[in-house]
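Next come a sequence and a model predicted from it.
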Amino acid sequence: MSVVICLGGQWGDEGKGKIVDLLAESAQMVIRSQGGNNAGHTVVVGERTFKFNLIPAGILHPETVCVIGNGVVLDPKVLLAELEDLESQGANLDNLVISERAHMIMPYHPVLDRMEEGARGDDRLGTTYRGVGPAYSDKVRRIGFRVGDLQKLRFLEKKLSFVLPLKNDALVRLYGAPPFTVEAILAEYTDYARRLDRFIRDPYPLIQGAVARGERVILEGAQGTMLDLDLGTYPYVTSSYPSAGGALAGAGIGPRYVGRTIGVFKAYTTRVGYGPFPTELEGSLGEYLRERGSEYGTTTGRARRVGWFDACVARYAVGVNGIDSIALTKLDVLDELEVIRICTGYRSKGEPTDHPMANISHLKHLELEYEDVPGWQQSTTAARQLSDLPGEARQYLARIAALAGAPVDWVSVGAERDQTIEPAAW
Ligand code: IMP
Ligand code: MG
C-alpha cells in the first residue's frame with residue numbers, strides 16, 4: 001500500500017510539481033506516468049527556479065529514483081535540453097531511468113500538430129503544438145517509435161521506411177508542407193541514441209522491487225482530470241489519461257498497491273486552450289487573478305483563463321479518481337478578495353445537475369449556482385499550520401472539503417517549498 005498517486009483534479013497547472021517535490025522527500029521512487037512535454041512544472045528551491053517538462057519533479061532529491069514511465073511520450077530533443085540544463089545546475093542524474101516502452105515524438109509530429117490545428121479552424125483545440133496528440137495517435141495505430149527503438153537502430157530504420165511515406169503523404173498532399181527523409185531522421189535519432197543510452201532501461205524490475213519492499217512510490221501525473229481523453233471535456237482534452245487509472249497503466253502498477261490518491265486543486269480554477277470552462281471569469285476580476293497568480297503557461301507562455309473554484313468539477317474528480325486527500329494550492333492568491341465564490345451546482349436546460357456532463361455543448365450553456373464565502377483580506381503566506389490561517393480561510397477550506405467530498409490535507413500558500421501546510425502524518 002505504498003504507492004501514492006498525485007494527479008490534477010482540474011484542467012492542469014494545479015501545482016502538482018510543487019506537491020510532488022515535497023512528497024518526494026519521503027519517497028524512494030517517483031514515476032512520471034503519462035503526458036509529454038506539453039506539461040510544465042515549476043519548482044522553486046531558495047533562489048533557484050527549476051522548470052521541468054519531462055523529468056519527474058523528484059529529481060531534485062538525489063536519493064530518489066526517477067522514472068519516465070511507459071505511458072509518457074517524449075521528444076528526445078526537449079529531454080536532452082532539460083538534462084543539460086539540470087546538469088549545469090549541479091543536479092545528479094544517476095538515478096534517472098527512461099522506460100524503453102515510452103514513446104517518442106518524431107520530427108513530423110509537431111508539424112502535423114500545427115497543421116491539424118490549422119485545419120480545424122474555429123474549432124481548434126489550442127494544443128501546445130508539441131506533437132503530443134499525433135504521437136499518441138501513432139502509438140494507438142501501432143506505428144509509433146518507442147524509446148527502446150533507439151537501442152535497435154536497424155529496426156528503427158526499417159520501421160521508418162514504412163511509416164515515413166504515410167506521414168509524408170499527409171504532410172505534402174493535405175498540407176503542402178515539405179517531406180522528411182529517412183536519412184535525416186535516422187542521423188538525428190542516432191545522435192539521441194548515443195546521448196540517452198545510459199538512461200534507457202526496462203523499469204519493470206525496479207518498480208516491482210520497490211513495490212514489493214513496501215517503498216514509497218509516487219506516481220506523478222501531468223495535466224488534469226478534465227483534460228483526460230475519456231473523462232474530460234472531449235475533444236478539448238489532451239491525448240492521454242491524466243486520471244488515476246491512467247497513472248497505474250502508465251506506470252505498470254496494479255491498484256492493490258495504492259495507499260493514497262492525492263488530488264491537487266488550485267484554490268480557484270484555470271484552463272489553457274479552448275473548450276468549456278463553466279466558472280470562467282472575464283473582465284477585471286479575471287485579469288486581477290491572472291496577474292496575482294502569474295497565470296501564464298510554463299510550456300507555452302500563454303495567458304491562462306481563470307475562474308472560481310468549481311465544486312462540481314472537484315466532486316467529479318474525487319469520484320472518478322477515488323481521491324483520498326485534496327492538496328489545495330495558491331490559496332494566497334485569494335488573500336485580498338472581499339468575497340470568494342464557489343460553484344456548487346449546475347442547471348442545464350432547467351434541470352439541476354451536480355457534475356460536468358459529457359455533452360460539451362450543454363456544458364458550455366449552463367446556469368451556475370454559487371455560494372459566496374467571506375474573504376479574509378490578510379496575508380496567508382506565512383501560515384505553516386491550519387491554525388495559522390484566518391477563520392474565513394479555514395471556512396473556505398472546510399466548504400471545499402465538504403462539497404468535493406474529500407479532506408483538504410495539504411495547503412500551499414506560496415511557491416517556496418516551505419510555504420506549505422502539511423498533514424502531521426500521512
Ligand atoms: P496537447 O496536450 O498539446 O495536445 O493540448 C491539448 C489541450 O491540453 C490544450 O488545451 C492544452 O492547452 C492542454 N494542455 C496540455 N498540457 C497541459 C498542461 O500541462 N497544463 C495545462 N493544459 C495542458
Ligand atoms: Mg503545467
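Happy to help now that I have it. Numbering: from 1, shown residues only. Ligands and ions are numbered 1, 2, ... in the order given.

roughly how far out does the helix or strand that contains residue 118 sit from the chain middle?
According to DSSP states H and E, residue 118 maps onto helix 108-120. Its chain's C-alpha centre lies 22 Å from the corresponding centre of helix 108-120 when counted by CA atoms, centre = their mean, to the nearest Å.

same question, stretch 152-165
Using CA atoms, centre = their mean, the offset of stretch 152-165 from its chain centre is 31 Å.

one step back: touching the helix holding residue 118 from outside, list them.
75, 124-127, 129-135, 138, 164, 167-168, 170-171, 174-175, 177, 180 (CB atoms under 8 Å, 6 or more residues apart in numbering). C-betas here are computed from N, CA, C, even on glycine.

Pull out the buried members of those.
Listed as buried from the contacts of helix 108-120 are 75, 125, 127, 129-135, 138, 164, 167-168, 170-171, 177, 180; burial here means 16 or more other CB atoms under 10 Å.

quick one: pLDDT of the closest residue in space to residue 281 that isn't next to it in sequence?
Once flanking residues are discounted, residue 281 sits nearest to residue 307: 4.9 Å by CB to CB, 6 or more residues apart in numbering. For residue 307, the model assigns a pLDDT of 98.

bridging residues for residue 307?
For residue 307, the beta-bridge partners are residue 269, residue 280 (DSSP bridges).

ok, it touching residue 266?
No - with contact defined as CB atoms under 8 Å, residue 307 does not count as touching residue 266 (10.1 Å).

okay, these two: which has more neighbours?
residue 266 (26 against 22; other CB atoms under 10 Å).

is it true that the more buried one touches residue 14?
Yes - applying CB under 8 Å, one finds residue 266 in contact with residue 14, separated by 5.1 Å.

For those two, list the residues in contact with both.
Contacts common to residue 266 and residue 14, judged by CB under 8 Å, 6+ apart, are residue 329.

For residue 162, which non-adjacent residue is closest in space?
The shortest distance from residue 162 to any non-neighbouring residue, by CB to CB, 6+ apart, is to residue 143 (7.7 Å).

what number of residues lie near the one you found?
Based on other CB under 10 Å, the number of other residues close to residue 143 is 14.

right, and it touches residue 163 too?
Yes - Residue 143 lies in contact with residue 163 (CB under 8 Å); the separation is 4.9 Å.

Return the residues of the stretch 151-300 of the chain in contact with ligand 2.
residue 298 (CB under 5 Å from the ion).

residue contacts, the residue of the stretch 151-300 of the chain found nearest ligand 1?
Closest residue of the stretch 151-300 of the chain to ligand 1, CB to the nearest ligand atom: residue 273 (2.1 Å). Counting by CB under 8 Å, 6+ apart, residue 273 makes contact with 125-128, 236, 302.

Over to it. Which of the three states is it?
Using DSSP: H, G, I helix; E, B strand; the rest coil, the structure places residue 273 in coil.

Same check on residue 327?
strand.

what's across from it in the sheet?
What pairs with residue 327, by the bridge criterion (DSSP bridges), is residue 264, residue 410.

From residue 404, how far out is it?
Counting by CB to CB, to the nearest Å, the separation of residue 327 from residue 404 is 12 Å.

okay, and the common contacts of these two?
By CB under 8 Å, 6+ apart, the residues touching both residue 327 and residue 404 are residue 265.

give the contact list for the residue nearest to residue 222 when sequence neighbours are not counted.
Leaving aside its sequence neighbours, residue 222 sits nearest to residue 35 (CB to CB, 6+ apart; 3.1 Å). With contacts defined as CB under 8 Å, 6+ apart, residue 35 is in contact with 72-73, 132, 221-223, 238, 240, 242.

quick one: whichever residue of the stretch 151-300 of the chain sits closest to ligand 2 from residue 18, how far?
Going by CB to the ion, ligand 2 is nearest to residue 298 of the stretch 151-300 of the chain, at 4.9 Å. According to CB to CB, residue 298 stands 12 Å off from residue 18.
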